[in-house]
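Just to be clear, the model below is a prediction. Sequence and coordinates:
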Amino acid sequence: MAIVTISRLYGSGGSEVAGKVAQILGWELLDNQVVDAVAASLGISVAEVKAREERAPSLAERLASAMTMGSQDWITPVAAAKRPTDEQMLEVTTRIVTEAVSRGSVVIVGRGAQAMLSERTDALHVFCYAPKKALVARCMERDHLNAEEAARKVDETNKHRREWVKLHWNREWSAHENYHLSVNTGWLGVDGAADLIAQAVRKTLR
């Protein structure tokens with residue numbers, strides 16, 4: 001059994017890279033399936049999971065969550081809806097990742113897997129990045145946004161991911177020392193990055 005975790009700057013094409021790595025190696029891919037499984041387990045919509053995953057809760061959300069633990073007199077409409085807490089969502093995500101790992105070799109995209117599985121010796125942790133111009137260009141094409149909108153989405157999404165990892169694991173999300181391999185998809189392209197990662201897997205995990 002072996003594991004590849006792929007963390008990625010938004011706009012780097014990391015999910016596409018992960019898909020190709022899984023295809024090359026013939027391994028299971030765990031990406032958007034996590035969203036579906038978390039939603040089903042917690043009885044909430046896929047849209048809500050997508051809106052909240054890899055994003056630290058806002059102050060309003062933290063207050064609403066705290067108030068559900070206190071006096072019923074102070075519960076807000078948001079709290080009254082009994083939405084699962086960030087910790088509950090993370091717990092379910094961790095269980096889903098653990099179950100996938102137990103089934104065999106797997107490529108896992110995001111969801112803090114590099115921190116979650118940092119102590120394992122059978123894992124290769126990869127970070128996909130690219131120059132800001134390349135991140136924005138990919139976001140413009142994929143999300144059908146203009147340059148200003150795409151730049152804002154890239155910055156905000158990567159900020160949320162950084163804060164989420166910091167909140168739950170007290171780790172710097174993009175710090176090179178937390179990864180075995182950092183790959184510039186703006187230079188290598190998706191196919192080149194996938195080939196390089198697959199080669200690294202064959203040399204280190206097999």
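Everything's here; your move. Residues are numbered from 1 along each chain as shown.

Leu42 reaches Pro84, doesn't it?
Yes: the pair Leu42 / Pro84 is scored as a contact, 4.7 Å apart, by C-beta atoms under 8 Å. In short, each C-beta sits where N, CA and C put it, glycine included.

between these two, what contacts are shared?
Both Leu42 and Pro84 are contacted by Val92, under the criterion C-beta atoms under 8 Å, 6 or more residues apart in numbering.

of these two, who's got more company?
Pro84 (19 against 16; other C-beta atoms under 10 Å).

Quick check: that one is in a helix.
No: counting by DSSP: H, G, I helix; E, B strand; the rest coil, Pro84 falls outside a helix, being coil.

Could you check the pLDDT of it?
pLDDT for Pro84: 78.

residues in contact with it?
Counted by C-beta under 8 Å, 6+ apart, Pro84 has contacts 42, 44, 92.

same thing but at 6 Å, please
For Pro84, the contacting residues are Leu42, by C-beta atoms under 6 Å, 6 or more residues apart in numbering.

distance of it from Glu163?
Per C-beta to C-beta, to the nearest Å, Pro84 is found 19 Å from Glu163.

now swap in Asp122 and tell me
29 Å.

So between the two, which is more surrounded?
Neighbour count, other C-beta under 10 Å: between Asp122 and Glu163, Glu163 has more, with 15 against 12.

Just confirm that one is within a helix.
Yes: the assignment for Glu163 (three-state DSSP) places it in a helix.

So for it, what's the pLDDT?
For Glu163, pLDDT reads 93.

And the strands in the protein?
3-8, 28-30, 106-109, 123-129, 181-184 (DSSP state E).

Mind listing the strands the first one pairs with, and their directions?
Going back to what we said before, that points to strand 3-8. strand 106-109 (parallel), strand 123-129 (parallel) (DSSP bridges).

Equivalent analysis for the last one, please.
The pairing partners recorded for strand 181-184 under DSSP bridges are strand 123-129 (parallel).

could you give the mean pLDDT of the strand it pairs with?
97.

which residues sit against it?
3-9, 12, 14, 17, 114, 117, 179-183, 185, 197, 201, 205.

do the same with stretch 44-57
Contacts for stretch 44-57 (C-beta under 6 Å, 6+ apart): 35, 38-39, 86, 110, 160-161, 163-164, 167.

Mark which of those residues are buried, thanks.
35, 38-39, 86, 110, 160-161, 164 (16 or more other C-beta atoms under 10 Å).
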